[in-house]
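Engineer: Sequence first, then the predicted structure, then my questions.
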Amino acid sequence: MPAHHRSSRYGRYAGGPDPLAPPVDLSEALAAVSEDVMAGYSPEEAMREFLRRGGRGREGLDDLSRRVHQRRRDLLKQHRLGGTLDEAKQLLERALRLEREQFLRDARMDPMDRSFREMQLDGLPRSTAAAVSELASYDWQSDSAREAYEQIKDLLGREILDQRFAGMKQALENATDADREAVAEMLRDLNELLEKHGRGEDTDEDFQDFMAKHGQHFPEDPQSVDELIDALAQRSAAAQRMLNSMTPEQRQELMQLSAQAFGSPDLMAQLGQLDANLQALRPGEDWNGSERFQGGEGLGLGDGTGVLQDIAELDALADELSQHHEGANLDDLDLDALARQLGDDAAVSARTLAELERAMRESGYLQRDQDGDLRLSPRAVRRLGKSLLRDTAQRLSGRPGARDTRLAGAAGEPTGATREWQFGDAEPWDVTRTLTNAITRTVAEGGDAGRGLRIDVRDIEVAETEARTQAAVALLVDTSFSMAAEGRWVPMKRTSLALHHLVSTRFRGDRLQLIGFGRYARDLRIEELTSLPPRREQGTNLHHGLLLATRFFRKHPSAQPVLLVVTDGEPTAHLLPDGESWFSWPAEPATLRATVQELDRLGRLGAQTTFFRLGDDPGLERFLLRMAERVDGRVVAPDPADLGSAVLQEYLDARSKDADDADPWG
C-alpha cells in the first residue's frame, strides 16, 4: 500500500489570546496593589493605578495613552488639506500648457481663431474651480489637453466617492461609463434602503438583496443594515469634519469643483441625499468637529477622510484607555483599533493588562465587604503577609546575633501541622507528607512512581512545633494623621501584616489583637487595617488603646501578655467616663494621668511592654522613657523602614523569656 504523506504549514496563532500561553503572573500586580491600598488608596483605585503604570518590561495604560496622543499629533503635523485642489490645479495647468503648444504647432489654424483662443485662456479666472467651470464649453484643439481636462472631472468624482466609500478612488480608476452607472445605481439603491430603514419598513431580505448586488463596494463586510449604517456614517461624518477643517476659500473651491464631478449633477444629488439619510440615522456622530492640520503633505478628499477617521479612532482609544467612565474595564478596549493605530505590540500590551485585570478580579484577591466596598481578601492578606514576613526576616537575619523567623518553635511541642522545608530548618521531616509530595510530583511529570522515587527538595515537609508558652500580643498602632503625613503609614501597616502572618502561621497558639488609636481607639481585623485610609482627625488617644489592650489580656488570663506600641506623638486625647474623647494640644495633665494609670494596670497584669518611637520629638522621647520605666519596659527608636524587623524581634524576645527556658530557635 502506498504511503500517504500529509503536509502541514504552521504560523503565528491569530485566533485571539494564545490558549497555550502561561497564565499571567499576579505576584507583581498584587504587591503593587497592596502597597497602594496600605498607602490609602481603595483597592479599585490601586488596581487602576497599577494598570496605568504598567509593570516590569510592560507598557501601562499611561504609556499607551501617550502613544495614542503622539500619533494624533503626528497626523496633524504631517498633513495638510487641499491635496485634491492641488491635483486639480496641476491637471488644469497641464491642459492649458498642452493647448498652447498645440496653437504653436498648428500652422493651418486661422490667426484670428488662434488669437481669440489665446485671449480665452489668458482671461481665465485665477480660481481653479471657476476656470474649470468656464472651460466646460471650450472646444479643445489638443486631444491631450482635452484628456487632461476630463481627468479633472474624473478625479473629483473618484475623490468624492472615496470620501464616502473607502477604496473607491482606486476602484474607479480608468472606469468606463458602465462602471459609473453601476455606482450611480448603487447610490440610488442605498438611499432607498436607508429611507426604508428610517421609516421602519425594511426587512433583512432587503439588506441581503442589496449586499448581493453591491457588496463589492463595502470591504467592511457588514452583517446587518445597522452595521452598514455605522460604517457609512463614521466615514461620512469624517468627510464632513474634513470640510469643516478647510479654510473658507478651500471649501468654496471644492464645492464649485464638485459640480463638475464625472460631469453628472445626479451624482452630487445622490451623495447629498446619502449624507442627509446618514445624519438622520446617526445624529450622535461628530458632524460638526474640525481639526487643524499643520503639515506639508497634501491630502486628497479620500485620504483626508481616512485620516479624520484615524483621528476619531484615536480619540475613542484615548477615552477607552483613560478608563474614566463608570463601569469601565479593559475588556472594553478595541484591540483591533489599537493594533491598526499603534501596531501589534500595543495590542499585546493592552491584552496583557486586560488579562491581569480579569485575573485579579477572578483570583479571589479582591472581594466586596458587607457595605459593597472592594477590599483585599483574606487570601490576598495572607499572601502579602507571607511576602512581608520574608522581607522582614531577611532584615532581621542581617542583624548581628539575630535569628531567622522560619526556625520559630523548633524546640517546642509538635502542633500537628506541617510546612514546606526551607533552608536552615532543623525540624524533623514529616515522612508521610514528603513521600506523598514526591509521588504526586513524579506522576504529574509523567513518571512512574511504581519504578521508584527520587525525592526532590521541593517535596520535603517538616513537622511544625511551637514553644510551650502561649502569648497574648496586643499591637497598638498610632493612626493619627501625622503617621501618614510623615511617611510612617505604610511601614506601620507592613509591620502589622508581617507580625500577623508570623503569629498565624508559626505561633498558632498565640493570640494577636491589632488596635488602632487616633481620636478614638478600636480593635481592627487585619483586612480592615490593611485598607484603612489616613484621616485628618486630631488626637492621639493612647489611653483608649491601652484600655482595649487590658480588655484583650483579661480574655486570655493564662497567656503571657505582650504589649507593643507604635507611635509618633505624645498622647493628646483620653476617654471620658461617658465614652467621649477629650482632645487638647498640648496635652493636658488629665490626659497624661489617665494614660499612665491605664499603663500601670497593664504592668500589674505582667505585660512585657515595648514602645516603638517614630520621629525625633524630644517631648515624645522623654514621655516614652518614663512610661517604659514604670513597667520595666523598653523604648526602641527604629527607622520606619526597619520598624517591621524591630517589632518582630521584640515579640520573639518577649515570648522566649517565659518559655520554660526552652529555646524556640533550636
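Structural biologist: That came through fine.
Engineer: Stretch 157-165: how far from the chain's middle?
Structural biologist: Offset of stretch 157-165 from its chain centre (Cα atoms, centre = their mean, to the nearest Å): 39 Å.
Engineer: Just the residues contacting that stretch, thanks.
Structural biologist: 84, 168-169, 172-173, 175, 180, 183, 217-218, 232, 235-236, 239, 242, 258, 261-262, 264, 267-268, 271, 274-275, 300-303, 305 (Cβ atoms under 8 Å, 6 or more residues apart in numbering). Every residue, glycine included, has its C-beta placed from N, CA and C.
Engineer: Mind doing that once more with 7 Å?
Structural biologist: 84, 168-169, 172-173, 183, 217, 232, 235-236, 239, 258, 261-262, 267, 271, 274, 300-302, 305 (Cβ atoms under 7 Å, 6 or more residues apart in numbering).
Engineer: same thing with stretch 81-95?
Structural biologist: So stretch 81-95 is in contact with 128, 131-132, 145, 148-149, 151-152, 155-156, 159, 242, 245-246, 250, 253-254, 257, 293, 298-301, 303-304, going by Cβ under 7 Å, 6+ apart.
Engineer: Could you rerun that using 8 Å?
Structural biologist: 128, 131-132, 135, 140, 145-146, 148-149, 151-152, 155-156, 159, 242, 245-246, 250, 253-254, 257, 293, 298-301, 303-304.
Engineer: got it, and stretch 65-73?
Structural biologist: For stretch 65-73, contacts defined as Cβ under 8 Å, 6+ apart pick out 311, 314, 315, 317, 318, 321, 322, 341, 342, 346.
Engineer: give me every residue that touches residue 587.
Structural biologist: 570, 571, 572.
Engineer: Most neighbours among these, please name it.
Structural biologist: Sorting the contacts of residue 587 by how many neighbours each has (other Cβ atoms under 10 Å) puts residue 571 first, at 25 neighbours.
Engineer: Please name the residues that touch that residue.
Structural biologist: Contacts for residue 571 (Cβ under 8 Å, 6+ apart) come out as 540, 541, 542, 543, 587, 591, 592, 595, 623.
Engineer: rerun that using 6 Å as the cut-off
Structural biologist: For residue 571, the contact set (Cβ atoms under 6 Å, 6 or more residues apart in numbering) comprises 540, 542, 587, 591, 595.
Engineer: just residue 260 next, same as before
Structural biologist: Counting by Cβ under 6 Å, 6+ apart, residue 260 has contacts 132, 153, 156.
Engineer: taking those one by one, which sit in strands?
Structural biologist: Assignment to strands by DSSP state E places none of the contacts of residue 260 there.
Engineer: Buried among these? Need that as a selection in PyMOL.
Structural biologist: Buried residues within those, by 16 or more other Cβ atoms under 10 Å, are selected in PyMOL with:
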select buried, resi 132+153+156
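Engineer: Low-confidence bits of the stretch 101-250 of the chain, can you list those?
Structural biologist: 171, 175 (pLDDT under 70).
Engineer: still on that earlier bit, from the contacts of stretch 65-73, pick the one nearest residue 609.
Structural biologist: Closest approach to residue 609 among the contacts of stretch 65-73 (Cβ to Cβ): residue 322, at 51.3 Å.
Engineer: Out of the contacts of stretch 65-73, which one has the lowest pLDDT?
Structural biologist: Model confidence across the contacts of stretch 65-73 bottoms out at residue 322, which has 84.
Engineer: Find the residue closest to it in space, skipping its chain neighbours.
Structural biologist: residue 65 (6.9 Å; Cβ to Cβ, 6 or more residues apart in numbering).
Engineer: Likewise for residue 236?
Structural biologist: Using Cβ to Cβ, 6+ apart and skipping residues adjacent in sequence, the residue nearest residue 236 is residue 278, 4.8 Å away.
Engineer: Touching, residue 333 and residue 320? I think so.
Structural biologist: Yes. Residue 333 lies in contact with residue 320 (Cβ atoms under 6 Å); the separation is 5.2 Å.
Engineer: got any residues that touch both of those two?
Structural biologist: With Cβ under 6 Å, 6+ apart, residue 333 and residue 320 have no common neighbours.
Engineer: Quick check: which ranges of the stretch 401-550 of the chain have low pLDDT?
Structural biologist: 401-416, 422-426, 465-469.
Engineer: And the helices in it?
Structural biologist: All helices of the stretch 401-550 of the chain, identified by DSSP state H, counting those that start in this stretch, fall at 431-444, 481-485, 489-506, 526-531, 542-555.
Engineer: The stretch 1-150 of the chain too?
Structural biologist: 27-39, 43-53, 61-78, 83-105, 111-122, 128-134, 143-164.
Engineer: just the stretch 151-300 of the chain next, same as before
Structural biologist: Going by DSSP H, counting those that start in this stretch, the stretch 151-300 of the chain shows helices at 168-171, 177-199, 204-214, 225-245, 248-258, 265-281.
Engineer: For residue 120, find the nearest of those.
Structural biologist: Nearest of the helices of the stretch 151-300 of the chain to residue 120, taken as Cβ to Cβ: helix 248-258 at 19.1 Å.
Engineer: Between helix 143-164 and that closest one, find me the angle.
Structural biologist: With axes from the mean of the first three to the mean of the last three Cα atoms, to 10 degrees as the basis, helix 248-258 and helix 143-164 are set at 110 degrees to each other.
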